[in-house]
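[1] Next comes the sequence, and after it the predicted model I'd like to discuss.
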Amino acid sequence: MIWVQTNGQFVWSSFAKNPLLLSIVFGTLISYIMITATKYGFQILNGSLWSIKFVGMSLGMIINALLNYYLMSEGMNMKTIISIVLAFVIITIQFYK
C-alpha cells in the first residue's frame, strides 16, 4: 500500500492529481495496519522491536523491487537481486533466538 501511495502517481494520472486525498485515505489505513502489525510482530518475535524493524525494512525492499519490476517495468540487475537475497537472509536471521 505504501508503494501504491507514493509511486502510484507515476502509474495512474488520477493519483498524481489527488495527492492530499491519497495521503488522507492511504495514510490512515497504512497507519492502522502498521500499528497492528507491530503488535503482532512484537509477540511473534519475542518482544524484539529491532527484529520488527529489520523484518519490515526487508519486506519493504522485496515488495518495492517486485512492484517496480511489474508495474514500472524496471529491470532486475545484479545489485537488485543481491539486495533481495540479503533481505531474505535478514528476515531469516530475525526468527532465530
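    Now that the structure is in, tell me what you want to look at.
[2] Show me which residues of stretch 62-73 are buried.
    By 16 or more other CB atoms under 10 Å, the buried positions in stretch 62-73 come out as 62, 64-65, 68. C-betas here are computed from N, CA, C, even on glycine.
[3] so for that stretch, what's the average pLDDT?
    Over the span of stretch 62-73, the pLDDT mean works out to 94.
[4] mind checking how far the closest residue to Gln9 other than its chain neighbours is from Gln5?
    Leaving aside its sequence neighbours, Gln9 sits nearest to Ala16 (CB to CB, 6 or more residues apart in numbering; 4.0 Å). Going from Ala16 to Gln5 by CB to CB, to the nearest Å gives 12 Å.
[5] Same drill for those two, tell me which one is more crowded.
    Set Ala16 next to Gln5 and count neighbours by other CB atoms under 10 Å: Gln5 wins out with 17 against 12.
[6] Quick one: classify the nearest residue to that one once chain neighbours are set aside as helix, strand or coil.
    Distances taken as CB to CB, 6+ apart put Phe26 closest to Gln5, at 4.0 Å, once the chain neighbours are dropped. The local conformation at Phe26, judged by DSSP: H, G, I helix; E, B strand; the rest coil, is helix.
[7] Count the residues that sit near Phe26.
    Phe26: 17 neighbours (other CB under 10 Å).
[8] What about His81, how many residues nearby?
    His isn't right for residue 81; it's Ile. Ile81 - counted by other CB under 10 Å - has 11 other residues nearby.
[9] so what's it scoring on pLDDT?
    At Ile81, pLDDT is 95.
[10] again with Leu45
    In this prediction Leu45 is given a pLDDT of 91.
[11] That one contacts Ile93, doesn't it?
    No. In this structure Leu45 lies outside contact range of Ile93 using CB atoms under 8 Å: 11.3 Å.
[12] More neighbours: which of the two?
    Taking Leu45 and Ile93 together and counting by other CB under 10 Å, Leu45 has the greater number of neighbours (17 against 12).
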